[in-house]
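>>> from the sequence below, what's the structure:
(chains A and B)
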Amino acid sequence: SQQGEEDPQALSIQEGENATMNCSYKTSINNLQWYRQNSGRGLVHLILIRSNEREKHSGRLRVTLDTSKKSSSLLITASRAADTASYFCASEGGFQKLVFGTGTRLLVSP
Amino acid sequence: DGGITQSPKYLFRKEGQNVTLSCEQNLNHDAMYWYRQDPGQGLRLIYYSQIVNDFQKGDIAEGYSVSREKKESFPLTVTSAQKNPTAFYLCASSIRDSWGRRTDTQYFGPGTRLTVL
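Below you'll find the predicted structure:
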C-alpha cells in the first residue's frame, strides 16, 4: 500500500494541552498537507508545507517537515474541545494526486 | 456560495444494482477526485480527472466508473462488479497546476454514505 502512516492512531487530552501528531510517507514529495475531518463529514484543509520548507505556522497550528526521514508532525497548541476530530496528512508526489495517511483521532475533553 | 456538493447524503441500494453518486462544484476548478473511506481508515483514491473529457484510475478503480463531460460535474458509478461497495465516498476538487505536475489544496464535499443491503 502507498498509504502513509500516522501516529498515534488515537490521542486523548484535556483542554489547554498541546496535541502532537506524526506522519510518515513513502515517496519523495512536492508538498505535504494536513486535513481535518469531523465525524461523518468531508475534509477541511488546514495547512500545506512545501518540500523546501522545514516549519510552518498557522494560528495555533505548527507543522514541521523532515524530508530526509520522510516524516512530518502537526502540533496543535492550547487545544479546545472544538478541536476534537480526525486529522490526516496527505503527501503530494508529483502525479497530481494526494496520498493520505491513516489518520489520528483526537479527543479533547473539557 | 462557492463549494462542492454531493448528493444524496445517504444512499441505500440492493446488492447487484449499479448506483451513481453526484458531485458538482462551482469553484471553477479543473481537477476533481473521488475517494473512498472505510471506517477508521484514511482516504483511498478511486478516480481523478485533471480536465474535461479526461480521467485516470486511482489506486482502487476496479468496480467503479466515472465521466467528466462538464467542468462542474464528476459523477461516480458504483457498479455491481465492486465487491464491497458499502463505504463513505468523498469528492474533491482543486486548481490544476499550469504544468499539470502537482496539486495543492483540495476542497472536499460533505460525502455520500453508501450502504448496500
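>>> so how far is A:Lys97 from the residue in chain B positioned nearest to chain A?
Chain B approaches chain A most closely through B:Phe108 (3.6 Å), counting by CB to the nearest CB. Placement of C-beta: from N, CA and C, glycine included. Here the criterion is CB to CB, to the nearest Å. By it, B:Phe108 lies 14 Å from A:Lys97.
>>> next one: A:Pro110
Distance check for A:Pro110 against A:Lys97: by CB to CB, it reads 39 Å.
>>> who has more neighbours out of these two?
For A:Pro110 and A:Lys97, the more surrounded residue by other CB atoms under 10 Å in any protein chain shown is A:Lys97, and the numbers stand at 21 against 7.
>>> which bits of chain B sit near chain A?
Along chain B, the residues adjacent to chain A under the rule CB under 8 Å from any CB of the partner chain are B:4, B:31, B:33, B:35, B:40-45, B:48, B:50, B:58-59, B:88, B:90, B:92, B:96-97, B:100-111, B:113.
>>> contacting residues around the most centrally placed residue in chain B?
Geometric centre of chain B, nearest residue: B:Trp34, 2.4 Å, by CA atoms, centre = their mean. Contact criterion CB atoms under 8 Å, 6 or more residues apart in numbering or on different chains gives B:23, B:45-48, B:58, B:64, B:66, B:74, B:76, B:89-91 as the residues in contact with B:Trp34.
>>> next one: B:Lys14
B:116-117.
>>> then B:Asn84?
Counting by CB under 8 Å, 6+ apart, there are no residues that B:Asn84 touches.
>>> secondary structure class for it?
When the structure is split into helix, strand and coil by DSSP: H, G, I helix; E, B strand; the rest coil, B:Asn84 lands in coil.
>>> need phi/psi at it.
Torsion angles at B:Asn84 (phi, psi; degrees, to the nearest 10) stand at phi -140, psi 70.
>>> before we move on, what about A:Ala81?
phi -60, psi -30.
>>> before we move on, what about the one 5 residues further on?
Backbone dihedrals for A:Ser86, given as degrees, to the nearest 10, come out at phi -100, psi 140.
>>> what bridges to it?
Here A:Ser86 sits in beta bridges with A:Gln37, A:Arg105, as judged by DSSP bridges.
>>> is it in contact with A:Gln37, as I believe?
Yes. In this structure, A:Ser86 sits in contact with A:Gln37. The criterion is CB atoms under 8 Å, and the distance is 4.7 Å.
>>> flag the shaky bits of the chain, pLDDT-wise.
You didn't pick a chain, so chain A it is. A:1-3, A:95 (pLDDT under 70).
>>> right idea, wrong chain: chain B
In the prediction, chain B carries residues with pLDDT under 70 at positions B:1-2, B:97-103.
>>> count of residues packed around B:Ala81?
B:Ala81 sits with 11 neighbouring residues when counted by other CB under 10 Å.
>>> which residue sits closest to it, ignoring its sequence neighbours?
Among residues not flanking B:Ala81 along the chain, B:Gly63 sits closest, at 4.4 Å (CB to CB, 6 or more residues apart in numbering or on different chains).
>>> for the one you found, what are phi and psi?
With angles defined as degrees, to the nearest 10, B:Gly63 sits at phi 90, psi 0.
>>> for it, give me its contacts.
With contact set as CB under 8 Å, 6+ apart, B:Gly63 has these partners: B:78-79, B:81-83, B:85.
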